[in-house]
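Colleague: Sequence plus predicted model, see below.
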Amino acid sequence: GRTLLVLAPAVKPIPLTRAWCLFEIFCTCNTGDDNSEAASILDVTMPPAEVRAFGKALLEDFSSISTQLAHVDLRDAKAWSEDDRQSIVGAVRDGRGFPALNQIVLDKMREWQENTARSLLADAKSRWQHAAAGALTSQAMRDSFNAGEKQLVTQNPKMAKVMEDVQKLKRFELEEKVAKLLDHHGNFEEAEAYGREALAGNAEVLGPHHKRTLRSMDSLGNLLKHEGLALEANAGSRASRIGEAAAGAALLKEAEKLLRESCLARQESDPNLKDPETLRAMASLGHLLDAEGKLEDGEHLLEQALEGECRLHGIPSSDPVSLARWTSDHSKDGSNRDVLKMMSSLGQLRMHEKKYDEAEALLRADLDAEVAAWGERDFRTLIARSELSQCLKELGRLDEAYDVLMGPNEDAPYIAQSVLGPAHPK
């Protein structure tokens, strides 16, 4: 048998809040063993309007995509009859249980996100393949332009090359976002391929140090950092994976080269460090150097970046108390995002330097602000919990470390696996 789960809206889908829909999911997943011929199949899809909304969010509001997963919890299911709801909840609890069912649905939603992103990219490549070939006079190419673009090409042949490049850049932007999604899900190898293609394309069209090219360089550098750290973590857990450790080190080395080139190019054009993108690039490189054990170099860059953010936002001091107060006051407007990332990175570095008290102050302020801004189920909060818990463990405060890791509802690790996916390094 096969059950099709149609989810809408994308954030907090209504079917996942209805107890009888939950029962159908439960029955589907409870039919036969997972690998047996008798097992039923659960498929997930979304209406065309939600697909379009997903494509728009992929390009313009990536954080909302993670929100799709963060709010999925089948325990929220309701029914008109409380007796019905209690019967269904009891059946699920006594069967696979809510964690297992949530995991199944979230895995399907992640799969849907990835397949939809790939489909959007394939459609884009198909629409714009004429641009890549320079076939600007073809009907298909003209159909891909909006009315104003068509008029420009018709009236001014010199605009043809410009319009060709515009179409290419649209494709490269989408490739970069698909790479970010796959990276976020831990699908590093495929993400890397798209990231490399986007960087090469932007460099060819715009030049090696154009701002957009540098953004692609940052994105690929951070992706390679995530992939390298994941490989090193896997190798550390299994002695037989020596090759993975070497591959991870090679990826980190390439990531450092890319992030360093981006950082130096930005600092050259922004010597007073007033551009937020310059500060982000410095922080990204500093975090990588910390991960590679180059603590002094990483510390210098992270402190510079955080001081620059303080100047930009008028924060009186970069000490943890001032940062905690400011990030708390700005938890709802999104302006604290870069500051929080730098606090987290500097806190991790302080922990590696064994300056645990300083690390705790930074990481605790980061966690408090993430909870205030995003709630307990958001991936940023979950990562902040993991980092502070590790610091408390190093301080020997094991009970407190456990409480922080588990969260107020004692389910943060389970939510982290559900939201981030089992392949995510955190």
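Modeller: Sure thing, it's come through. Residues are numbered from 1 along each chain as shown.

Colleague: contacting residues for P408?
Modeller: Counting by C-beta atoms under 8 Å, 6 or more residues apart in numbering, P408 touches E376. Heads up, the C-betas are built off the backbone N, CA and C, glycines and all.

Colleague: host element of it?
Modeller: Per DSSP states H and E: P408 is located in neither a helix nor a strand.

Colleague: Show the backbone phi and psi for it.
Modeller: phi -60, psi -30 (degrees, to the nearest 10).

Colleague: for T3, same thing?
Modeller: phi -120, psi 130.

Colleague: Run a quick neighbour tally on it.
Modeller: By other C-beta atoms under 10 Å, the residues close to T3 number 16.

Colleague: got the contact list for the closest residue to it other than its chain neighbours?
Modeller: Leaving aside its chain neighbours, T3 sits nearest to T28 (4.2 Å; criterion: C-beta to C-beta, 6 or more residues apart in numbering). Contacts for T28 (C-beta under 8 Å, 6+ apart) come out as 1, 3, 40-42.

Colleague: export the residues you listed to a markdown table and tack on pLDDT and secondary structure?
Modeller: Putting the contacts of T28 into a markdown table (pLDDT from 0 to 100; DSSP: H, G, I helix; E, B strand; the rest coil) gives the following:
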| residue | pLDDT | secondary structure |
| --- | --- | --- |
| G1 | 76 | coil |
| T3 | 89 | strand |
| S40 | 80 | coil |
| I41 | 85 | strand |
| L42 | 84 | strand |
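
Colleague: can you pick the most crowded of the residues you listed?
Modeller: L42 (20 neighbours).

Colleague: Report the separation between the spatially most central residue of the chain and E114.
Modeller: The centre of the chain sits closest to H184, judged by C-alpha atoms, centre = their mean, with a distance of 3.9 Å. H184 is 10 Å from E114, where distance means C-beta to C-beta, to the nearest Å.

Colleague: what's the answer for L367, then?
Modeller: 29 Å.

Colleague: D357 too?
Modeller: From D357 to E114 the distance is 42 Å (C-beta to C-beta).

Colleague: Who has more neighbours out of the two?
Modeller: E114 (16 against 10).

Colleague: Wait, a strand at that one?
Modeller: No: counting by DSSP: H, G, I helix; E, B strand; the rest coil, E114 falls outside a strand, being helix.

Colleague: And it, what's its pLDDT?
Modeller: Listed pLDDT for E114 reads 92.

Colleague: can you pull the contacts of it?
Modeller: 181-182, 185, 187.

Colleague: most surrounded residue in these?
Modeller: L182 (23 neighbours).

Colleague: Give me the spatial nearest neighbour of that residue, chain neighbours excluded.
Modeller: A191 (3.6 Å).

Colleague: what residues are up against that neighbour?
Modeller: Counted by C-beta under 8 Å, 6+ apart, A191 has contacts 178-183, 223, 227.

Colleague: try 10 Å
Modeller: 176, 178-185, 219-220, 223-224, 226-227 (C-beta atoms under 10 Å, 6 or more residues apart in numbering).

Colleague: can you check E261 too?
Modeller: Residues near E261 by C-beta under 10 Å, 6+ apart: 208-209, 214, 217, 221, 281, 285.

Colleague: L16 now?
Modeller: 5, 7, 22, 25, 71-74, 76-77, 102, 105, 109.

Colleague: Using JSON lines, lay out those residues together with pLDDT.
Modeller: Below are the contacts of L16 laid out as JSON lines (pLDDT from 0 to 100):
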{"residue": "L5", "pLDDT": "88"}
{"residue": "L7", "pLDDT": "84"}
{"residue": "L22", "pLDDT": "82"}
{"residue": "I25", "pLDDT": "85"}
{"residue": "H71", "pLDDT": "71"}
{"residue": "V72", "pLDDT": "75"}
{"residue": "D73", "pLDDT": "77"}
{"residue": "L74", "pLDDT": "77"}
{"residue": "D76", "pLDDT": "79"}
{"residue": "A77", "pLDDT": "84"}
{"residue": "N102", "pLDDT": "79"}
{"residue": "V105", "pLDDT": "82"}
{"residue": "M109", "pLDDT": "83"}
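
Colleague: Which of these fall in strands?
Modeller: Among the contacts of L16, DSSP state E puts L5 in strands.

Colleague: Might you report the residue contacts of the closest residue to F98 other than its chain neighbours?
Modeller: For F98, ignoring the flanking residues on the chain, the nearest one in space by C-beta to C-beta, 6+ apart is R75 at 5.1 Å. By C-beta under 10 Å, 6+ apart, the contact set of R75 is 22, 89, 92-93, 98-99, 101-102, 411.
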